[in-house]
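Q: build me a model:
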Amino acid sequence: MKRILPLLTLAFLLASSVSQAKTRKALFIIVDGIPADNLERLRPPHLFDIAHAGHYSRAYCGGDVGTYSETPTISAIGYTNVLTGTWMNKHNVRGNSGIKANYNYWTLFRMAKAQSQPLRTAIFSSWTDNRTILLGENLEQTGHLKIDYVRDGYDEDKVRFPKRPHDLQIYDIDSLVCHEAAACVRRDAPDLSWVYLWYTDDAYHMFGNGAYSDRYVMKEDALIGLIWDAVRYREKNFDEEWLVLVTTDHGREDSGYGHGGQSERQRTIWMVTNLKKVNRQFCPSSLSHVDICPTIVSYLGMELPRDVAFEIDGTSFYGPRSIYDLSVYNYEDKAQLHWKADGKSVPVQIYMATENRFAEGCPDEWRLVGTTQSGMGTFTVDLSSCPSKFYKFQVVSPANRLTRWNLKDPKRPFAPQ
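A: Numbering: from 1, shown residues only. The predicted model follows:
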């Protein structure tokens with residue numbers, strides 16, 4: 001009996017700890033086209049209140065310059081980087097119009113609906129195409145994805161939002177979007193929410209760097225404050241724990257007017273989160289758009305099919321990280337993989353595929369080509385037995401995984417890919 005009682009007590013404590021776990025929710029906001037240096041100069045109070053609860057960092061967009069993943073710093077492309085955790089070479093969104101997304105690369109919303117208990121999702125947007133085209137709601141290619149709470153379509157309502165000087169009807173729409181988002185968070189608390197705000201990009205396009213754009217950065221920040229207040233209301237009054245992430249889709253040219261290129265200011269973005277504990281991925285040298293998707297997946301405890309997970313380019317900044325910064329170099333008939341390691345050395349597995357069937361909706365044939373320790377930081381793959389002009393590699397640790405394409409060019413055997 002004395003042996004049974006401690007076991008019963010332990011079982012009770014474990015059951016109690018499980019029952020007392022808070023329900024997790026995630027909400028991310030993309031506020032369009034605010035350069036990091038201007039945000040840091042203005043220090044908008046609500047964004048930096050979120051940062052005070054967690055963290056702020058500069059980050060980058062635009063993929064890796066000069067490689068297969070180089071990605072224009074354009075709005076819809078930036079949103080899709082965030083939504084899929086992949087760069088343009090995969091998701092295939094190449095501009096703001098004429099979009100032909102490759103829906104084989106799942107968005108966060110499709111991942112959320114693929115769970116054994118599907119998550120409730122919401123979108124609050126001043127641009128309808130975010131739902132109908134980028135998310136592909138109700139398309140056969142997305143498995144007829146359905147969003148549970150939708151607050152958009154306002155950009156098409158010319159009666160309610162007629163054109164105003166300086167396109168201020170877009171700011172009016174942003175204001176309604178934020179009020180709708182705050183109300184829905186307070187009342188319905190969706191599991192995964194995306195809020196998109198548009199007008200700051202218009203302000204910069206019309207006026208560049210200056211007082212006008214500054215004013216609307218601060219006004220958009222006040223709207224974000226409504227949503228932040230709603231999140232804190234939920235956490236205070238309900239058994240919930242919320243992840244809040246705020247970012248922008250691109251930086252700007254030095255003048256502030258344009259964007260789309262690969263200058264440092266156009267590639268430099270920023271990220272704010274209320275997460276108290278982040279790993280080393282959350283720093284300017286490594287943090288990027290594509291890290292948001294795997295972070296939300298990890299935070300919400302989503303399970304993904306292996307083929308879907310293997311295509312995500314980013315690394316979660318929530319939870320442990322064992323490896324980072326994977327590169328691949330060609331040397332004659334060998335591929336040399338190099339990476340960096342965090343903390344204690346752990347076992348890693350190396351996988352390779354010689355085709356990109358996933359892009360066409362078919363599973364890839366991933367071959368395990370070797371194992372090593374993360375602390376080694378390198379592995380050489382002999383390619384002579386499987387000649388191809390294209391290779392995909394995965395380095396998989398217990399904590400995280402890294403992916404890299406290798407476009408083999410015998411004329412440039414030492415060039416990084």
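Q: ok, residues contacting stretch 34-50?
A: Around stretch 34-50, the neighbours that count as contacts under Cβ atoms under 8 Å, 6 or more residues apart in numbering are 56, 58, 200, 204, 209, 213-214, 217-218, 220-222, 224-225, 228, 244, 246, 248, 251-252, 256, 265, 268-270, 272-274. In short, each C-beta sits where N, CA and C put it, glycine included.
Q: ok, residue 191 - contacts?
A: Contacts for residue 191 (Cβ under 8 Å, 6+ apart) come out as 24, 25, 26, 112, 119, 120, 121, 300.
Q: I misspoke; the intended subject was residue 278.
A: By Cβ under 8 Å, 6+ apart, the contact list for residue 278 reads 54, 55, 317, 318.
Q: output the below-cut-off pLDDT ranges for the chain.
A: Where the chain drops to pLDDT under 70, the residues are 1-20, 409-417.
Q: would you mind listing the buried residues in stretch 393-405?
A: Neighbour counts using 16 or more other Cβ atoms under 10 Å place 393, 394, 395, 396, 397, 399, 400, 401, 402, 403, 404, 405 of stretch 393-405 among the buried residues.
Q: of the contacts of residue 278, which is the most crowded?
A: residue 317 (28 neighbours; other Cβ atoms under 10 Å).
Q: and that one, that one's in a helix?
A: No: according to DSSP: H, G, I helix; E, B strand; the rest coil, residue 317 belongs to no helix; its state is coil.
Q: would you agree it is in contact with residue 281?
A: Yes: here residue 317 lies in contact with residue 281, judged by Cβ atoms under 8 Å, at a distance of 4.0 Å.
Q: need the overlap of contacts for those two.
A: Shared contacts of residue 317 and residue 281 (Cβ under 8 Å, 6+ apart): 287, 291.
Q: could I get the buried residue list for stretch 280-294?
A: Buried, per 16+ other Cβ under 10 Å, within stretch 280-294: 281, 282, 286, 287, 288, 289, 290, 291, 292, 293, 294.
Q: what do you get for stretch 127-141?
A: Buried, per 16+ other Cβ under 10 Å, within stretch 127-141: 127, 128, 129, 130, 131, 133, 134, 135, 136, 137.
Q: same question for stretch 69-80.
A: Quick answer for stretch 69-80 (16+ other Cβ under 10 Å): 69, 71, 72, 73, 74, 75, 76, 77, 78, 79, 80.
Q: please apply the same query to stretch 151-161.
A: Within stretch 151-161, the residues that count as buried by 16+ other Cβ under 10 Å are 151, 152, 154, 155, 161.
Q: for those residues, work out which two are farthest apart.
A: 151 and 161 (13.9 Å; Cβ to Cβ).
Q: where do the helices sit along the stretch 101-250 of the chain?
A: 108-113, 129, 168-187, 199-207, 211-237 (DSSP state H, counting those that start in this stretch).
Q: figure out which of those helices is closest to residue 367.
A: Nearest to residue 367 among these is helix 108-113 (25.6 Å), distances taken as Cβ to Cβ.
Q: who are the packing partners of that closest one?
A: In terms of contacts (3 or more Cβ pairs under 8 Å, 6 or more residues apart in numbering; DSSP states H and E), helix 108-113 is packed against helix 75-84, strand 121-125, strand 192-197, helix 292-299.
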